[in-house]
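Enquirer: predicted model follows, preceded by the sequence.
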Amino acid sequence: MISIYITSFIVGGLICVIGQLLMDVAKLTPAHTLCSLVVAGSILDGFGLYEPLIDFAGAGATIPITSFGNALTHGALAEAEKHGLIGVVTGMFEVTSSGISAAIIFGLIGALLFTSKGNV
Amino acid sequence: MKNGVLTFSSMPSLYSTGVTAGPLEKKKSVFAEQFDKVYEDERCDLPTNEHGHKQLMYDAVMIALSKEKKTIDKIDFFLTGDLVNQMTPSSFTAHELGIPYIGMFAACATSVSSMITAALLADAEQARWLIAGSSSQHNAIERQFRYPLEYGSQKGATCQWTVTAAGAVLIGQHKEGNPSICCATVGKVVDMGMTDPLNMGAAMAPAAMETLSCHLKGHKKTIDDYDTIITGDLGSNGFKIFKALANESGLSHTKNFRDAGEEFYGNDPSFNAGASGSGCSAAVFLSDVYKKLQKREYKRVLLIATGALLSPLTYQQGDSIPCIAHAIEVTMDGVSVN
């Protein structure tokens, strides 16, 4: 029971370490780092490697942004099986739509309620 | 060949200065006590950051004028700039003031480029009174050059913090006993191929060195002629590089060197490499340095403001960061050494 917490903490942490190294060592901008992690998750799922990672680490693999890439590929492949090539296009946002909608809705609520501050 | 080297034989004088700053600067800047006005609100109680930005400059001008009991209609030219697209805070200030206006852009070197242009106009007897200055507002400029604040992006150790501050100076014909501008050097654009917009200090240091060498050579001066040589906003990282470059090029010591960006927040590590922004050099030159000149703690200073001439578009397209530095020499000595 407790071991799933530990593995998810370690795996999630390692994904974040990779992101930090991309920024600090490879000197990528935050936007480039984010995109690289999304693409990495997407490619891993293409080879069927991300689902086993989720089985192993749970939230440690689903919370980081790599999971978004995984979901993009996952939806596209699932729809492609049903509808052929056109399914790649329609399926891409099948699984991710909740995440995207949530980002828009919570972004709106945040913008309505708060004003940005420049304090350190 | 002049090589950007200018001499002002009539030695236009600085009459008064106005410096305004934001709430964070009030709390954290080592120069806070010397600023004329600090705001409790980073938008100066106005609806947007850009409105606040304009107000900083407007109030700085009005403070400088009130110290000399001058009214707006006496001023012949208003020379200023900022870092926002199309410099709307400066232009909107100029609209509100109604003074003939030339928008100046040299990024963070604008504080000095506007003073040089003002000195030229005064020296050519085309103006009796002029206002020069520059300003920046943290939130507006972060959005312009880096990321919107809402994005909450991480900053690295070489990153600098754009100050919320504005400085304005009233310049007129020579007056004995006032700090006076005897000469200046307009810098060349220097590009050493740096591409990291989060390390502007390193990109700007070679430009500062180039202008310093040109100024010393062009005016036959040595660094010991100055009580201080103060750069604009190299920050702790860029300042280190600048001092190393100075040593390499044969300058024996750098003990009278200062950097406004490094000092601004008192080496507080939460500000990473220190302060930047076109308000940074203006605020420090026109408060701390100006007051030290008035008290004759300094008799001759060299102000070198440095600017990174990038735009968000150029660095996204992979271009390196061209930089510039302008130098102006201000002295309390009545007669120019030249």
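Expert: Thanks, I have it.

Enquirer: for the lengthiest helix in chain A, packing partners?
Expert: The helix that spans the most residues within chain A, counting by DSSP state H, is helix A:2-24. With contacts defined as 3 or more Cβ pairs under 8 Å, 6 or more residues apart in numbering or on different chains; DSSP states H and E, the packing partners of helix A:2-24 are helix A:30-46, helix A:50-57, helix A:59-62. Any C-beta I mention is one placed from the backbone N, CA and C, and that applies to glycine too.

Enquirer: how about the CA coordinates for stretch B:265-272, as PDB?
Expert: Taking C-alpha atoms only, stretch B:265-272 is exported to PDB below (Å, rounded to 0.1, in the frame of the first residue of the first chain):
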ATOM      1  CA  TYR B 265      18.300  45.700  -4.300                       C
ATOM      2  CA  GLY B 266      21.300  45.300  -2.000                       C
ATOM      3  CA  ASN B 267      22.500  42.000  -3.400                       C
ATOM      4  CA  ASP B 268      19.200  40.300  -2.100                       C
ATOM      5  CA  PRO B 269      19.400  36.800  -3.700                       C
ATOM      6  CA  SER B 270      15.600  36.800  -4.300                       C
ATOM      7  CA  PHE B 271      16.400  39.200  -7.100                       C
ATOM      8  CA  ASN B 272      18.900  36.800  -8.700                       C
END
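
Enquirer: so, low pLDDT: which residues of the chain?
Expert: Since you didn't name a chain, this refers to chain A. Across chain A, the ranges flagged by pLDDT under 70 are A:119-120.

Enquirer: nope, chain B
Expert: In chain B (pLDDT under 70), the answer is B:1, B:334-338.

Enquirer: where do the domain boundaries of it fall?
Expert: Listed domain ranges for chain B are B:9-172, B:180-331 (source: automatic domain parsing).

Enquirer: now the last one, how far from the centre of its chain.
Expert: A distance of 9 Å separates the C-alpha centroid of domain B:180-331 from that of its chain, computed with Cα atoms, centre = their mean, to the nearest Å.

Enquirer: first-to-last residue distance for that domain?
Expert: End-to-end distance of domain B:180-331: 5 Å, with Cα to Cα, to the nearest Å as the criterion.

Enquirer: one more: stretch A:84-102?
Expert: End-to-end for stretch A:84-102, by Cα to Cα: 29 Å.

Enquirer: and what of stretch B:25-32?
Expert: End-to-end for stretch B:25-32, by Cα to Cα: 6 Å.

Enquirer: what does it contact?
Expert: Identification of contacts with stretch B:25-32 by Cβ atoms under 8 Å, 6 or more residues apart in numbering or on different chains yields A:120, B:21, B:35, B:38-40, B:163-165, B:263-266, B:268, B:271, B:275, B:283-284, B:287-288.

Enquirer: from those, which land in helices?
Expert: Using DSSP H, these in helices are B:Glu263, B:Phe264, B:Ala283, B:Val284.

Enquirer: next, give me the two most distant ones among these.
Expert: Greatest spatial distance among the ones in helices among the contacts of stretch B:25-32 (Cβ to Cβ): B:Glu263 and B:Ala283, at 11.1 Å.

Enquirer: neighbour count: those two, which is higher?
Expert: For B:Glu263 versus B:Ala283, neighbours defined as other Cβ atoms under 10 Å in any protein chain shown are more numerous around B:Ala283 (35 against 20).

Enquirer: what about the host helix or strand of B:Thr211 and chain A, any contact?
Expert: Per DSSP states H and E: B:Thr211 is located in helix B:200-218. No: judged by Cβ under 8 Å from any Cβ of the partner chain, helix B:200-218 and chain A are separated, with a smallest distance of 12.7 Å.
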